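Trainee: Fold the following, please.
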Amino acid sequence: MPAAAALPEPATALSADEARRIALRAQGLIGAPDRRGGVPAMLRALGAVQLDTISVLARSHELVAYARLGPVGRDAVERAYWTGDAFEYWSHAACVLPVGEWPWFAFRRRRFRARGMRWHEVHDATLRDILARLREEGPMTTKDLGGAKASAEWWDWSEAKVAIEFLLDVGDAVCVERRGWRRVYDLPERAIPAALLREEPSDEECLVRLVGQAGRALGVATRADLAEYHRLRLEQVSDAVIEAAGLVPVAVARWDAPAWADPGALATPVRGRHRTTLLSPFDSLIWDRRRTVRLFSFEHRIEAYTPAPKRVHGYYPMPLLAGGRLVGRADPKREGRTLHARQVSVAPRHAERMADALREAAEWVGCDAVALGAVAPREAAAPLRAALGG
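Mentor: Predicted structure coming up:
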């Protein structure tokens, strides 16, 4: 890509609140839920939905849809991801991606192929064997291929697991379905439309596409925000790439770094009702901790991987989004027909909103009761219990 001239000075000045509202709308969390397009339309707008193994209320990819579309059927959410036009690959982390984005991750597939391995040595004979089995036997899980582990240690992968994950990384295998949380691997020529497989954009073209997509999904963003969305290196998000992606410079009050915005987001007034919902800790609105602090003045940490004695807000604290702000958090766990809010943090003035969010989440996962554990501050306990009818 030829060198570009310096980007123009920001022509638009935004307040911090305007930037926050633009970001919320870009993430589908302002206005009436677009249930016509459902989960596929939501996925195309976000560009990536992160996957995670933890399921205490529901799995993260289900919670992302719930936060934006309301209490849609969980089976419908799963079908939209795993029997629709989507595939799984490395974006922000392991993510569900719209199938149309397949060509634009070619730069990452090429990088994995050039490296020749990830954490484990790859054996060519095993690669050939796995590909032959996929061709002859059809889509398969790691269990079908012989199992994931060579021993009880989590890191001690079997040769089959090493091989199939490398094939996934380089694009010689693809995952477009999970069964019982196991990836189902297939050959790209059976699972990805032929027209997409024929596209092989350059690294520069891939970066322009992904930075533009991140800019639209974020609404307004710093260079670091744009890089973090699809886990690009900061130097890959150059001025030339940002300009080619069609993003325009803006000045955001109280932001300590230059910012860029999606022109479409600037051209349309932000209107509509704010969603009140609990968010997955892995939701793309908040998966970048530094951006979350900048947008919401809210410190968000994923504590599931923190030793229990060091946790502050619980095992799986889900932030409460209400009125366009993050105003509390709850650590939920399902037991039978009861949703246990084991630990809740919320200001007394937001107790009713927390109660609404807990009740709706409970109903969505098939619970008919909410049980409260510890509440902080203590002054919030009484109004929260009253709002829950307890």
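Trainee: Quick one: residues contacting the closest residue to residue 109 other than its chain neighbours.
Mentor: Once flanking residues are discounted, residue 109 sits nearest to residue 171: 4.1 Å by C-beta to C-beta, 6 or more residues apart in numbering. Backbone N, C-alpha and C define where each C-beta goes, glycine included. Counting by C-beta atoms under 8 Å, 6 or more residues apart in numbering, residue 171 touches 106, 109, 188.
Trainee: Only alpha carbons, please: show the longest strand that the chain contains as PDB.
Mentor: Secondary structure of the chain per DSSP state E: the longest strand is strand 325-335. The C-alpha trace of strand 325-335 is given here as PDB (Å, rounded to 0.1, in the frame of the first residue of the first chain):
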ATOM      1  CA  ARG A 325     -24.100   3.200  31.800                       C
ATOM      2  CA  LEU A 326     -22.500   0.400  33.800                       C
ATOM      3  CA  VAL A 327     -24.100   0.700  37.200                       C
ATOM      4  CA  GLY A 328     -23.400  -2.500  39.100                       C
ATOM      5  CA  ARG A 329     -22.700  -6.200  38.700                       C
ATOM      6  CA  ALA A 330     -24.000  -9.600  39.800                       C
ATOM      7  CA  ASP A 331     -22.400 -13.000  40.100                       C
ATOM      8  CA  PRO A 332     -25.000 -15.500  39.000                       C
ATOM      9  CA  LYS A 333     -25.400 -19.300  39.300                       C
ATOM     10  CA  ARG A 334     -28.200 -21.500  38.200                       C
ATOM     11  CA  GLU A 335     -29.400 -24.300  40.600                       C
END
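Trainee: strand partners of the next helix or strand after that strand, parallel vs antiparallel please.
Mentor: Counting by DSSP states H and E, the next helix or strand C-terminal to strand 325-335 is strand 338-346. Here strand 338-346 has these sheet partners by DSSP bridges: strand 325-335 (antiparallel), strand 369-376 (parallel).
Trainee: Out of those, which gets nearest to residue 298?
Mentor: Proximity to residue 298, assessed across the strands paired with strand 338-346 by C-beta to C-beta, is greatest for strand 325-335 (4.1 Å).
Trainee: Over the closest one, what's the mean pLDDT, rounded is fine.
Mentor: In this model, strand 325-335 has a mean pLDDT of 96.
Trainee: for the helix ranked longest in the chain, the distance to its chain's centre please.
Mentor: Using DSSP state H, we find that the single longest helix of the chain is helix 203-218. Here helix 203-218 is found 16 Å from its chain centre; the criterion is C-alpha atoms, centre = their mean, to the nearest Å.
Trainee: Output that helix as PDB, nothing but the C-alphas.
Mentor: Taking Å, rounded to 0.1, in the frame of the first residue of the first chain, the C-alpha atoms of helix 203-218 are listed here in PDB:
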ATOM      1  CA  ASP A 203      -2.300  -8.700   4.100                       C
ATOM      2  CA  GLU A 204      -2.900  -5.000   3.600                       C
ATOM      3  CA  GLU A 205      -6.300  -5.500   2.200                       C
ATOM      4  CA  CYS A 206      -7.200  -7.800   5.100                       C
ATOM      5  CA  LEU A 207      -6.100  -5.100   7.600                       C
ATOM      6  CA  VAL A 208      -8.100  -2.400   5.900                       C
ATOM      7  CA  ARG A 209     -11.200  -4.600   6.000                       C
ATOM      8  CA  LEU A 210     -10.800  -5.600   9.600                       C
ATOM      9  CA  VAL A 211     -10.000  -2.100  10.900                       C
ATOM     10  CA  GLY A 212     -13.000  -0.700   9.000                       C
ATOM     11  CA  GLN A 213     -15.200  -3.400  10.500                       C
ATOM     12  CA  ALA A 214     -13.900  -2.800  14.000                       C
ATOM     13  CA  GLY A 215     -14.500   0.900  13.500                       C
ATOM     14  CA  ARG A 216     -18.100   0.300  12.500                       C
ATOM     15  CA  ALA A 217     -18.700  -2.100  15.400                       C
ATOM     16  CA  LEU A 218     -17.100   0.300  17.900                       C
END
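Trainee: Show me what whatever helix or strand comes next after that helix is packed up against.
Mentor: Per DSSP H and E, the first helix or strand lying C-terminal to helix 203-218 is strand 220-222. In terms of contacts (3 or more C-beta pairs under 8 Å, 6 or more residues apart in numbering; DSSP states H and E), strand 220-222 is packed against helix 16-26, strand 259-261.
Trainee: what's the most buried one of these?
Mentor: strand 259-261 (a mean of 25; mean count of other C-beta atoms under 10 Å).
Trainee: And for it, what's in contact with it?
Mentor: With C-beta under 8 Å, 6+ apart as the criterion, strand 259-261 contacts 10, 12, 14, 19, 22, 215, 219-223, 226, 242, 247-252.
Trainee: Quick check: next helix or strand after it?
Mentor: helix 263-267.
Trainee: Which residues does that following helix contact?
Mentor: 12, 22, 25-26, 216, 219-220, 246-248, 250.
Trainee: And these, which is the shakiest by pLDDT?
Mentor: For these, the pLDDT minimum is residue 12, 87.
Trainee: Leaving out sequence neighbours, find the closest residue to it.
Mentor: In space, residue 12 is closest to residue 250, 4.6 Å off (C-beta to C-beta, 6+ apart).
Trainee: Let me know whether that neighbour touches residue 221 as I believe.
Mentor: No. Residue 250 is not in contact with residue 221 according to C-beta atoms under 8 Å; the separation is 9.7 Å.
Trainee: Tell me which of these two has more neighbours.
Mentor: A count of neighbours by other C-beta atoms under 10 Å puts residue 221 above the other of residue 250 and residue 221, at 33 against 22.
Trainee: Residue 319: which element?
Mentor: With DSSP H and E as the test, residue 319 turns up in strand 318-322.
Trainee: Give me the buried positions along that strand.
Mentor: By neighbour count with 16 or more other C-beta atoms under 10 Å, strand 318-322 contains the buried residues 318-322.
Trainee: of those, closest to residue 138?
Mentor: residue 318 (38.5 Å).
Trainee: Pull the number of nearby residues for residue 258.
Mentor: By other C-beta under 10 Å, 15 other residues sit near residue 258.
Trainee: any chance you could map the helices in the stretch 101-250 of the chain?
Mentor: 106-115, 124-137, 159-170, 188-191, 194-198, 203-218, 223-229, 239-244 (DSSP state H, counting those that start in this stretch).
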